[in-house]
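[1] Fold the stuff below for me.
(chains A and B)
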Amino acid sequence: MMRSVPAPEFIGANQYNRVELSLPADPQMLFLARMTAAAVATRAELGYEQVEDLRLAIDELCIALLGSHPGAGQIALLLQWDSEGTLDVVGTLVPDGGPSDDQNQPERSDAPLSLELSQRILDALVDDHGADAIGGVHRAWLRMRRREPSL
Amino acid sequence: MTSEAAFEVVESPHPGVPILRVQGEIDVATSPELHELLSDLIADGPGVIIVDLTDVSFIDSTGLGVLVGAVRDVRAGGGDLRLVVTQPHIIKLLELTGLDDVFSVLSDSSDAVTP
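    A predicted model of the protein is given here:
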């Protein structure tokens, strides 16, 4: 599981570039999050390697949200970046009030392993990340800072 | 890079060594299909299985989890599962997760079928 730490406080949101995306909490829709991540990372002037890193990191963030309440509602993603090259992503699972699909999710033996791998991936790819659940609302977030391209 | 690549798995006939050529993106939506195909191959009996990821543009933790589960199962039966990987970002992902020490990673499927 992601660490239970608070999401970053955004200061002066109007100083940031901001993109919001809402998509069904459905595994089939996660490609939309990856596409948006790639576009935003490019806009934030991240290098090619970091664009790929952000695609994967956002995918892992969404997987964490899907796992918290599978099959119900929307995933709301907020992506913000500044001119200094700091990019924050906060994802929130917005339940639709309907029943979750917990009963219909096949329990695979590799699921705990995937969770561990997800944690390793996020630890390696982003500068910070975490998750919390306040009042039954699940959130996950990450922060990535622009790196100088390696020679 | 930014478009959804169609996921497809094709089993190439090769005497004694099945080769699964995977195309597209292996994510939480598509990894169950890969899991099912690998489980069927493993159930067929011990041996070497090649998973060719040359045309895979993206793989996440769920896809890696499927591959690690499969390699454990196949090795428990006395066989092996080998990966063919040429994409730099997938090689990097295997390294940062430590899975490059778990899998036999090769750059060409013809090398992978060599005993």
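[2] phi, psi of the residue nearest the centre of chain A?
    Nearest to the geometric centre of chain A sits A:Leu61, at 3.2 Å (Cα atoms, centre = their mean). Main-chain torsions, A:Leu61, degrees, to the nearest 10: phi -60, psi -40.
[3] In contact with it, which residues?
    A:89, A:91, A:122, A:129, A:140-142 (Cβ atoms under 8 Å, 6 or more residues apart in numbering or on different chains). Glycine gets a C-beta too; all of them are placed from N, C-alpha and C.
[4] can you put those in CSV and add secondary structure and distance to B:Pro32?
    As requested, those are arranged in CSV below (DSSP: H, G, I helix; E, B strand; the rest coil; distance: Cβ to Cβ, whole Å):
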residue, secondary structure, distance to B:Pro32
A:Val89, strand, 26
A:Gly91, strand, 22
A:Leu122, helix, 22
A:His129, strand, 26
A:Ala140, strand, 22
A:Trp141, strand, 27
A:Leu142, strand, 26
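[5] What is the nearest of these to B:Gly16?
    Taking Cβ to Cβ as the measure, B:Gly16 lies nearest A:Leu122 of the contacts of A:Leu61, at 39.8 Å.
[6] Okay, the spatially closest residue to the closest one that is not a sequence neighbour and chain B: tell me how far apart.
    Closest residue to A:Leu122 in three dimensions, ignoring its sequence neighbours and counting by Cβ to Cβ, 6 or more residues apart in numbering or on different chains: A:His129, at 4.8 Å. Distance of A:His129 to chain B, given as Cβ to the nearest Cβ, to the nearest Å: 13 Å.
[7] which strand residues sit across from A:His129 in the sheet?
    Applying DSSP bridges to A:His129 yields these beta-bridge partners: A:Leu142.
[8] Tally up the residues packed near it, please.
    24 (other Cβ atoms under 10 Å in any protein chain shown).
[9] show me the contacts for it.
    By Cβ under 8 Å, 6+ apart, the neighbours of A:His129 are A:2-3, A:57, A:61, A:122-123, A:140-143.
[10] Redo those residues as CSV? Include pLDDT.
    Shown next, in CSV, are these (pLDDT from 0 to 100):
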residue, pLDDT
A:Met2, 58
A:Arg3, 59
A:Ala57, 98
A:Leu61, 97
A:Leu122, 97
A:Asp123, 97
A:Ala140, 96
A:Trp141, 97
A:Leu142, 97
A:Arg143, 97
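[11] Pull out the buried members of these.
    Applying 16 or more other Cβ atoms under 10 Å in any protein chain shown to those, the neighbour count classes A:2, A:57, A:61, A:122, A:140-143 as buried.
[12] Direction included, what does the helix or strand B:Glu25 falls within pair up with?
    Applying DSSP states H and E as the criterion places B:Glu25 in strand B:19-26. Strand pairing for strand B:19-26, determined by DSSP bridges: strand B:8-12 (antiparallel), strand B:48-59 (parallel).
[13] got the contact list for the shortest one?
    Contacts of strand B:8-12 with the rest of the structure, by Cβ under 8 Å, 6+ apart, involve B:18-24, B:33-34, B:37, B:52.
[14] With pLDDT and neighbour count as extra columns, can I get those residues in TSV?
    Listed next are the contacts of strand B:8-12 as TSV, based on pLDDT from 0 to 100; neighbours: other Cβ atoms under 10 Å in any protein chain shown:
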residue	pLDDT	neighbour count
B:Pro18	90	19
B:Ile19	93	20
B:Leu20	95	20
B:Arg21	96	18
B:Val22	97	24
B:Gln23	97	17
B:Gly24	97	16
B:Glu33	96	15
B:Leu34	97	21
B:Leu37	95	19
B:Asp52	96	23
